[in-house]
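Student: mind looking at a prediction? Sequence and model below.
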Amino acid sequence: MSDCLFCKIAAGEIPSTCLYDDENVYAFRDINPQAPVHFLVIPKQHIDSVAAVSAENSAAVARCFEVIAKVAEQEGLENGYRVISNCGADGGQTVHHLHFHVLGGKPLGEKIL
């Protein structure tokens, strides 16, 4: 999508701090970190949200989770981390491109909010 922020980041049109890049997935540091380690993992294929995952695009989502594990290890998150994906307005989604927040580097506790 030509006006999608994350499509532009994955294409290199908007600067980001890249942690991982291949033909299908891009991982980069969050510009407003909520934990000592906070990065995003996105499929390069535009998928609006979790609600738009289907049999046709689920391989891209699976690849995102492979990259999450790889980058989490690379970032030293051996004690664990949290993966969050907001979906829709009520879920707090502000960029309509499927993305996974990965947070760690300190004990996060059991509560999400």
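Tutor: Yep, that arrived. Residues are numbered from 1 along each chain as shown.
Student: rest of the way, CA atoms for contacts and neighbours
Tutor: Noted.
Student: and the longest helix for the protein?
Tutor: If you go by DSSP state H, the chain has its longest helix at helix 58-74.
Student: need phi/psi at I42.
Tutor: Dihedral pair for I42: phi -130, psi 150, per degrees, to the nearest 10.
Student: chain neighbours aside, what residue packs nearest to it?
Tutor: H99 (4.7 Å; Cα to Cα, 6 or more residues apart in numbering).
Student: list phi and psi for that neighbour.
Tutor: phi -150, psi 150.
Student: all helices for this protein, in order.
Tutor: 5-10, 58-74.
Student: CSV for those helices, including distance to D90?
Tutor: CSV is the format used below for those (distance: least, Cα to Cα, whole Å):
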stretch, distance to D90
helix 5-10, 20
helix 58-74, 22
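Student: would you list those in CSV and tack on mean pLDDT, distance to A35 and mean neighbour count?
Tutor: Below are the helices of the chain laid out as CSV (pLDDT from 0 to 100; distance: least, Cα to Cα, whole Å; neighbours: other Cα atoms under 10 Å):
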stretch, mean pLDDT, distance to A35, mean neighbour count
helix 5-10, 97, 21, 19
helix 58-74, 98, 13, 16
